[in-house]
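> Pasting a predicted model and its sequence here:
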Amino acid sequence: MKEVILLVDDEPNVLSALTRALNSNQYFDIVTANDGIQAIDLLKNTPNVALIISDYRMPGLDGVSFLIEAQDICPDATRMILSGVADLEMATNAINLGQIFRLLLKPCAPEIFLSSVKAGLRQYELMTSERDLLQNTLKGSIKILTDLLAAINPDSFSQSTRISVLTRKFATSLGLVNAWELELAGVLCRIGCVTVPPEVMDAWMKGRLLDDNQQHMIDSVGKVGHHLLRNIPRLEKIAEGILHQATPFKPVEQATSNTLKGSDIPLIGRILKIIIDYDRFLAIDPIPITALNRMLHQAYEYDLDLYKSFKEFIVSENEADKRPASKKESAITEVSIDEVKDGMVIMGNVFDKKGRLLIGSGTLVTDIIKLRLSNYNNIYGLDQTLLVRKAELPPQNINN
């Protein structure tokens, strides 16, 4: 689909002249509006708007005010003002508030107008290309990290899968605007577990007493995750939340000047603290209310408002699970190694014949997972058949 150019002016003759100039240069996807209010409605219902050219003085909504609203609707579109009246205040507001690309004065010579249009469309292409490159880089980085966690520490990968599902649902229940950040934090929060021996993680998950050295390893998970993620574009905020995934809301010991506490802890960190502990206690005793009550014994570690909301959310989820399912899950089936395909979910821990855990239950099959299974099967053999189910996981949204 071609990019769309939106022209906004309260003078019909001006709109006609600009449209003819664009049509003469084969810019066919042109829409026009007589005022800012009509233009806002058009923007909400017109995809691929690449360039917006607006008059300044219009009834109802001036050009700068219109472009400010347009920026929220179409943030990637290039914005210009074409006006017969220009003063310093208008130019300053247009640049600072409307973030316009260019300010053109009427009457505008056709060659200058068309040159500006080409430059505006080029700016749009640069913006969208950079965004697409960033998104693809981000997706690729996340996939590498999660694949490595799945291969190196299957138990922690399974835990991160459970946590990401809970964080997504809880963020939705809270009505958070950037719920995708919390879901992604859930996916990546256990990436620091790659530095912790599996037996130490297993002991921690089962509530066993750890010595000082082992506890230090567990406490370092957030720091390692933050170190791995902090330099990836668009993950800075998520990395900061992951750093504080184990930070208590009210420290028992005297906090240092560098230790965050209370509402100074990032929201992502406060939520991860609740969900990670809940998942851990649920692993010790798989009764949700027991896990929630166990958390009350260390209530000082949590933001109590968030804890109460989380408890209500869990109770609501459990009640929903008891209702008749409106959609049946795909059946669990047995498959051989050669039959494992992308889009399947491993439904049961997979061990080799030496008793080593290769893949955790709930793992989504990727190329790395298939290669790990194949290599270990060729050398050591597997200890059981594979149980799988087709994936029904929602896609991660990183476009916000």
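Perfect, I can see it now.
> what's the burial count for the closest residue in space to Asp55 that isn't next to it in sequence?
Nearest residue to Asp55 in three dimensions, chain neighbours excluded: Asp9, at 4.2 Å (Cβ to Cβ, 6 or more residues apart in numbering). Just so you know, the C-beta spots here come from the backbone N, C-alpha and C atoms, and that holds for glycine as well. Taking other Cβ atoms under 10 Å as the criterion, the count of residues near Asp9 is 26.
> hmm, who's touching stretch 280-294?
For stretch 280-294, contacts defined as Cβ atoms under 8 Å, 6 or more residues apart in numbering pick out 204-207, 278, 295, 311, 314-315, 318.
> Now do the buried residues in that stretch.
Burial within stretch 280-294, assessed by neighbour count using 16 or more other Cβ atoms under 10 Å, is assigned to 280-283, 288, 291-292, 294.
> now, the most widely separated pair of those?
Ala283 and Leu292 (14.0 Å; Cβ to Cβ).
> list the contacts for the residue nearest to Gly348 when sequence neighbours are not counted?
Among residues not flanking Gly348 along the chain, Leu387 sits closest, at 4.7 Å (Cβ to Cβ, 6+ apart). Neighbouring residues of Leu387 by Cβ under 8 Å, 6+ apart: 332-334, 346-348.
> Out of those residues, which end up buried?
Here, 16+ other Cβ under 10 Å leaves Ile346 buried among these.
> Out of the contacts of Leu387, list just those in strands.
333-334, 346 (DSSP state E).
> can I get these in a markdown table with distance to Asp303 and pLDDT?
Formatted as a markdown table, these follow (distance: Cβ to Cβ, whole Å; pLDDT from 0 to 100):
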| residue | distance to Asp303 | pLDDT |
| --- | --- | --- |
| Thr333 | 43 | 88 |
| Glu334 | 44 | 88 |
| Ile346 | 34 | 86 |
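> And those residues, which is closest to Ile68?
Ile346 (49.9 Å).
> So what sits opposite that closest one in the bridge?
Beta-bridge partners recorded for Ile346 (DSSP bridges): Thr363, Val388.
> Run a quick check on it versus Leu358, I expect a contact.
No. Judged on Cβ atoms under 8 Å, Ile346 makes no contact with Leu358 at a distance of 9.5 Å.
> thinking again about what came up before, which one of the buried residues of stretch 280-294 sits closest to Leu174?
Distances from Leu174 to the buried residues of stretch 280-294, taken by Cβ to Cβ, are shortest for Leu292, at 17.1 Å.
> On the pLDDT front, check that closest one for me.
The confidence metric pLDDT takes the value 94 at Leu292.
> what bits of the stretch 1-150 of the chain have low per-residue confidence?
Judged by pLDDT under 70, the stretch 1-150 of the chain has its weakly predicted residues at 1, 27-28, 86-98, 134-135, 137.
> all strands for it, in order.
Listed in chain order, the strands of the stretch 1-150 of the chain (DSSP state E, counting those that start in this stretch) span 4-8, 30-33, 49-54, 78-83, 102-105.
> Out of these, which gets nearest to Thr19?
Between Thr19 and those, the shortest separation by Cβ to Cβ is 5.6 Å, and it involves strand 30-33.
> Name the residues of that closest one that are buried.
31-33.
> what does that strand rub up against?
4-9, 15, 19, 22-23, 39, 42, 46.
> If we use 10 Å, what do you get?
4-10, 12, 14-16, 18-19, 22-23, 38-43, 45-46, 49, 51-52, 54, 58, 66 (Cβ atoms under 10 Å, 6 or more residues apart in numbering).
> Kindly give a single ChimeraX line that selects the buried subset of those.
To isolate the buried members of the contacts of strand 30-33 in ChimeraX, using 16+ other Cβ under 10 Å:
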select :4,5,6,7,8,9,10,14,15,18,19,22,38,39,40,42,43,49,51,52,54,58,66
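> okay, the one helix or strand His227 maps to in PDB with CA atoms only?
Using DSSP states H and E, His227 falls within helix 221-229. Presented in PDB, the C-alpha positions along helix 221-229 are these (Å, rounded to 0.1, in the frame of the first residue of the first chain):
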ATOM      1  CA  VAL A 221      20.500 -13.000  39.200                       C
ATOM      2  CA  GLY A 222      19.000  -9.600  38.800                       C
ATOM      3  CA  LYS A 223      22.400  -7.900  38.500                       C
ATOM      4  CA  VAL A 224      23.600 -10.300  35.800                       C
ATOM      5  CA  GLY A 225      20.300  -9.800  33.900                       C
ATOM      6  CA  HIS A 226      20.700  -6.100  34.100                       C
ATOM      7  CA  HIS A 227      24.300  -6.300  32.900                       C
ATOM      8  CA  LEU A 228      23.200  -8.400  29.900                       C
ATOM      9  CA  LEU A 229      20.200  -6.200  28.900                       C
END
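> circling back to that earlier point, mutual contacts of Ile346 and Leu358, please.
By Cβ under 10 Å, 6+ apart, the residues touching both Ile346 and Leu358 are 150, 154, 369, 373.
> ok, the nearest residue to the second one once chain neighbours are set aside - contacts?
Of all residues not flanking Pro154 in the chain, Gly360 sits nearest, at 3.8 Å (Cβ to Cβ, 6+ apart). If you count contacts by Cβ under 10 Å, 6+ apart, Gly360 has them with 150, 153-162, 346, 348-350.
> And the longest helix seen in the chain, how far out from the chain middle?
In the chain, taking DSSP state H as the definition, the longest helix is helix 110-152. Taking Cα atoms, centre = their mean, to the nearest Å, one finds helix 110-152 lying 16 Å from the centre of the chain it belongs to.
> relative orientation of that helix and strand 4-8 in degrees?
Helix 110-152 and strand 4-8 are oriented at 130 degrees to each other (axes from the mean of the first three to the mean of the last three Cα atoms, to 10 degrees).
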